[in-house]
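Enquirer: only the shape, not the letters, is given here:
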C-alpha cells in the first residue's frame, strides 16, 4: 500500500518537523527551500511585507530627518538668541564703562585728573557708584602714569613698552584681556586716549574693572548641567572660568578652530563629551568672544524618543500589516471552507435527489415488472402447454409442424420480456446480495473472459494495468461482475475496431481501491453526460440497449458503499472510475 | 416408481392449471389449487412431496399456507414462486423455511429440475425422520 505508507510517514514527519523547526532553524530554511510551494508562500509574504514596509520606512526616515533639521535649527536659534542677549548686555556694560570714562574726561580737566589727590577724590566718588571699579589712572603720552587711584601705588609707573599703551595710542579706545594683577583678582582695563586740543599730544585715562559683573552676565546664559558658557580672547585663552574646558586664563582645549565670522555656531563630535554645539559671538569693542558649549542632549533626546516612538509605530504598522494579511488569509480559508461546504451540500442534495429519483423509478419498475410477470407467466405456460400437447400427443397433428415454430417464437418473446422485467427488478434492487472475499483483479479477468470473443473479433487491444498488491475486498461478486461487464461492454461499443481499452486497478486514498476502465473511443457529449446514470436513457440503437445498464451500475456501486465516476473527452475517450471500500457497507433504501 | 406429488398453489388459475398440465406431461402428479383453503385441504388429503407456492395469495400469503401445512406435514418441500426476486426469498432459503425459490415466468425445465432437487431433499428428510405418510 504505497499511499497508506506515505500517509503514515507524512504524519510522523509532521510531528518531527514542528520540533525540528525550533531546534534546527537552518535545516528548516533548507527544507523550506526544498518545498517549492511553501518557499513561494514565504517569499510572497516577505515581498508583500517589504513592498508595504518600504514606503512606510521612507516616510519615517524623511520625517525623522525633517524633524531633526527643525529641532536643530530651533536649538541653534535659541542658542544664538541667548548669546545675542548676553553679548548685548556685556557690550552695553562695556559701553557704559567707556561712557563713564568719557564723562570723567569731559567733566574734569586734565590738570584735575592728573592731580593725585583730585583723582583719588574722583575715584572714591565713582567707586561708590560702580563697585566694580578697581583703580583709575592717568598716563601721559610718554607712557608714564601721572596719577593713580586704587589699591596699589603705581604712580610714576612707565607703561610705554606695554602693548595696551600702544593699542590705545593707535585706536583711541582699548579694552584689555583679563588679567589677575598683584592681588590675583581677575579684572580687565579700559583705556581711552584723550587728545590735547591744539597739539599732537595726548593723555590716557585708564580704569581697571573687576570681572564679577562680566562673570555674572556670562552665567546668565541658560545652561543645563552638561553645558558651559565662558568668554575667551582671540588666542582662545579663557577670560572667565569654564566648567569643563579649562581653568581661568588657561588656553581653551578646543579641538576645532573658531570661524572668523562675528557670530555663529559649529557642531562637532568631541571625543570626551560626544556631540557638542559651540555657539559664539564676538563682543564689540573688546578682544573677547562669548562662547557657549552645549551638548544638544535635550533635542537629541526628543529625536531619540521620537525615533523610538516612530520605530514602535513602524513595528506596530508591520504587525498590523501582518495581522491584516493573516486576517485576509483566514477570511480566504473560511470563504473557501464555506464554498467547499456549500458545494458538498449541493452535491449531497443533488445525489439525494438522484437517489430519490432512482428509488421512485425503481419502485415503479418493480411494480410494472411484477404486474407484467404474471400475465407473462400465463403466456409462457399456455404456449408451453401447446408445445407439450403437440410434442407429447401420440396422435399426429397436421398443424404440428406449423405451430411448433410459432410457439417457439412466443417462447422467445416471453424470454425477451423476462430479461427486461428481471432487469427492471434488478434495478429496483430486489436482487439478492451475497458478500464474499473478492480479488478484484481476478474478478476483472473473469469479466473480460465473457467478452473475449468480441474483443478478438473486433481486433480491440486490451491492456491490463493491475496493482498486484491490492488486498481482497468483501463485496458481492455477482453485482460487481454485472457492473464491470456493463461498463466493459460500453467501452467495447464505444471504440472503433482496433481501438484500445485499458483496465487498471490502483490503491485509493479514501477507498480500498479504484478501478479505471478507459477507452479511446468516441467520448461522451456533455448533454449525454448529464443523463448518463438515469434509467432508460440510452444512445444505443433501438433494441440494442435498455438504458438500464449504467443506471443499474450506479445503484449497485452505491449500494456496495462505493462511487462511480465518468470522465470523458469528445473523440479522445472515456474513463469510468469505480472506487470500492474494503467492506461493502450495504446502504438501505432503493438503490 | 411412484410419481412425485406436486401441489401448485397460485391464484392465477390459467397459470397454475397450465403448469399442472405440463407437469403431468412430464410424469409428475401435479395438482393445482387457487386459494389457501383448497391448498390446506388437498395437502391434508394428498401429502404432496413438493409444494410450489406463490408468495402472494388472496386470504393469506404463501408462507402462511406453508406454515399451516407443515403443522401436519413437516417434511413437505416448498418452492416459493413469485413475480419478483426478493431478499425475502433468499433469507427464507437460508433460514431453511423453504427448499428453493423461483421467479415468474419460469422455464419449465428449470422448474422440473428444482422440483426433482426438492423431492430428493424431501425424501432424505422423510428417511431421516423414519416416517412415510404415504
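Expert: Sure, I can see it. Every value quoted in this text rests on a predicted model; they were computed, and no experiment measured them.

Enquirer: any idea which helix or strand in chain B has the lowest mean pLDDT?
Expert: The helix or strand of chain B with the poorest confidence is helix B:87-95; it has a mean of 69 (mean pLDDT, DSSP states H and E).

Enquirer: got the contact list for the helix or strand just after that one?
Expert: Using DSSP states H and E, the helix or strand that directly follows helix B:87-95 along the chain is strand B:100-103. Contacts of strand B:100-103 with the rest of the structure, by CB atoms under 8 Å, 6 or more residues apart in numbering or on different chains, involve A:373, A:422, A:425, B:52, B:77-85, B:89-90, B:92-93, B:110-111, B:114, B:117-118. For glycine as for every other residue, the C-beta is placed from the backbone atoms N, C-alpha and C.

Enquirer: going by proximity to chain B, name the top residue of the stretch 201-350 of chain A.
Expert: Across the stretch 201-350 of chain A, the shortest distance to chain B (CB to the nearest CB) belongs to residue A:348, at 27.0 Å.

Enquirer: confidence score at residue B:109?
Expert: Listed pLDDT for residue B:109 reads 91.

Enquirer: tell me which element it falls in.
Expert: Element membership of residue B:109, judged by DSSP H and E, is helix B:108-129.

Enquirer: centroid residue for chain B?
Expert: Central residue of chain B (CA atoms, centre = their mean): residue B:51, 1.4 Å from the mean position.

Enquirer: mind checking the SS state of that residue?
Expert: Secondary structure, DSSP: H, G, I helix; E, B strand; the rest coil: residue B:51 is strand.

Enquirer: thought it was touching residue B:81?
Expert: No. Residue B:51 lies out of contact with residue B:81 (CB atoms under 8 Å); the separation is 9.8 Å.

Enquirer: list the buried residues of the strand or helix carrying residue A:121.
Expert: Element membership of residue A:121 [criterion: DSSP H and E] is helix A:116-129. Within helix A:116-129, the residues scored as buried using 16 or more other CB atoms under 10 Å in any protein chain shown are A:118, A:119, A:122, A:123, A:126, A:127.

Enquirer: which ones among those also lie next to chain B?
Expert: Near chain B, taking CB under 8 Å from any CB of the partner chain as the test, no member of those is found.

Enquirer: out of these, who's nearest chain B?
Expert: The shortest approach to chain B among the buried residues of helix A:116-129 belongs to residue A:127, at 139.1 Å (CB to the nearest CB).

Enquirer: is residue A:436 in a bridge, and if so with what?
Expert: residue A:475 (DSSP bridges).

Enquirer: list the residues that contact it.
Expert: Counted by CB under 8 Å, 6+ apart, residue A:436 has contacts A:474, A:475, A:476, A:477.

Enquirer: against chain B, how distant is it?
Expert: 14 Å (CB to the nearest CB, to the nearest Å).

Enquirer: pLDDT value on that residue, please?
Expert: Reported pLDDT for residue A:436: 79.

Enquirer: also residue B:80?
Expert: Reading off the model, residue B:80 has pLDDT 88.

Enquirer: ok, residue 43 - how many residues close by?
Expert: Here I'm looking at chain A. 11 (other CB atoms under 10 Å in any protein chain shown).

Enquirer: ah, no, chain B please
Expert: 24.

Enquirer: which non-adjacent residue is nearest it?
Expert: residue B:69 (4.4 Å; CB to CB, 6 or more residues apart in numbering or on different chains).

Enquirer: the one you found contacts residue B:37, doesn't it?
Expert: No. The criterion here is CB under 8 Å, and residue B:69 misses it with residue B:37 at 11.8 Å.

Enquirer: looking at those two, which is more packed in?
Expert: Shown here are residue B:69 and residue B:37; by other CB under 10 Å, residue B:69 has more neighbours (23 against 13).

Enquirer: which residues in chain A form helices?
Expert: Along chain A, counting by DSSP state H, helices occupy A:2-23, A:25-34, A:36-107, A:110-114, A:116-129, A:163-171, A:212-219, A:297-392, A:400-427, A:440-457, A:477-494, A:526-531, A:549-559.

Enquirer: deepest of those, which one?
Expert: Burial of those is given as mean neighbour count (mean count of other CB atoms under 10 Å in any protein chain shown); helix A:549-559 ranks first at a mean of 23.

Enquirer: give me the mean pLDDT for stretch A:458-472.
Expert: For stretch A:458-472, mean pLDDT is 89.

Enquirer: same question but for stretch A:181-194, I mixed them up
Expert: Averaging pLDDT along stretch A:181-194 yields 84.

Enquirer: circling back: for the residue nearest to the centre of chain B, list the residues it contacts.
Expert: Residues in contact with residue B:51 (CB under 8 Å, 6+ apart) are B:6, B:7, B:8, B:9, B:39, B:43, B:66, B:69, B:76, B:77, B:78, B:79.

Enquirer: which among those residues count as buried?
Expert: Buried by 16+ other CB under 10 Å: B:6, B:7, B:8, B:9, B:39, B:43, B:66, B:69, B:76, B:77, B:78, B:79, out of those.

Enquirer: where's the fifth one, which helix or strand?
Expert: It refers to residue B:39. Residue B:39 is part of helix B:36-46, with elements assigned from DSSP H and E.
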